[in-house]
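**Q** Prediction below, plus the sequence it came from.
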Amino acid sequence: MKLTLENTGEANRIRSYDVGTITVNETEVTSTLLLTPEQLHDGWGPADVGELGNDHMDAITAMAPELLLIGTGRRQQFPDRRLMARTIQAGLGIEVMTTEAACRTYNVLAAEGRQVAAVLFMIEADSR
């Protein structure tokens, strides 16, 4: 799906997403990424949400976003509940959703000037 926002200033924006790829501004990313309005870390973290660990979440928490979006691919999958609890206790709001929904939500929040971070796992091919 192709997304386009106008008048977005200098902040990173997701321009499109599809199976195995997400385009941020003019950069095509093909592996897990960490995105904020100011930073793009491609090739960041594990390839699977089940492999997210304390070190990953500590690095995000240190960035001090208001909210963390976790896009888990084609299907919503929650990280380990202890990891989620620990991160919430550190004061970080977390929303877990499909990557498609996370991409759309990220763009809206970034356009509003919110301090959002998004960990986006690639969308897998439909296995049906």
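**A** All right, it came through fine. Source: prediction; values computed, not measured.

**Q** what's the span of stretch 28-40, first residue to last?
**A** Terminal residues of stretch 28-40 lie 11 Å apart, using C-alpha to C-alpha, to the nearest Å.

**Q** List the contacts of it.
**A** Defining contact as C-beta atoms under 8 Å, 6 or more residues apart in numbering, one finds that stretch 28-40 is touched by 11-12, 14, 20-25, 27, 41-47, 60, 63, 65, 106, 110, 113, 115-122. For every residue, glycine as well, the C-beta is placed using N, CA and C.

**Q** Of those, which belong to strands?
**A** Among those, the ones falling in strands (DSSP state E) are 14, 21-24, 27, 41-42, 116-120.

**Q** which one of these is nearest Gln89?
**A** Nearest to Gln89 among the ones in strands among the contacts of stretch 28-40 is Ala117, at 17.4 Å by C-beta to C-beta.

**Q** how far away is that closest one from Thr27?
**A** 17 Å (C-beta to C-beta, to the nearest Å).

**Q** More neighbours: those two, which one.
**A** Between Ala117 and Thr27, counted using other C-beta atoms under 10 Å, the more crowded position is Ala117 (24 against 12).

**Q** and the spatially closest residue to the more buried one that is not a sequence neighbour, what is it in contact with?
**A** Spatial nearest neighbour of Ala117, chain neighbours left out: Pro65 (3.9 Å); criterion: C-beta to C-beta, 6 or more residues apart in numbering. Pro65 is in contact with 36, 92, 115-117, counting by C-beta under 8 Å, 6+ apart.

**Q** so where is the chain shaky, pLDDT-wise?
**A** For the chain, applying pLDDT under 70 flags the ranges 1-9, 127-128.

**Q** rerun at 50
**A** Applying pLDDT under 50 to the chain flags the ranges 5-7.

**Q** For it, which segments are assigned as helices?
**A** Taking DSSP state H, the helices of the chain run over residues 54-62, 81-89, 99-111.

**Q** Could you check the angle the second one makes with helix 54-62?
**A** The directions of helix 81-89 and helix 54-62 differ by 20 degrees, with axes from the mean of the first three to the mean of the last three C-alpha atoms, to 10 degrees as the criterion.
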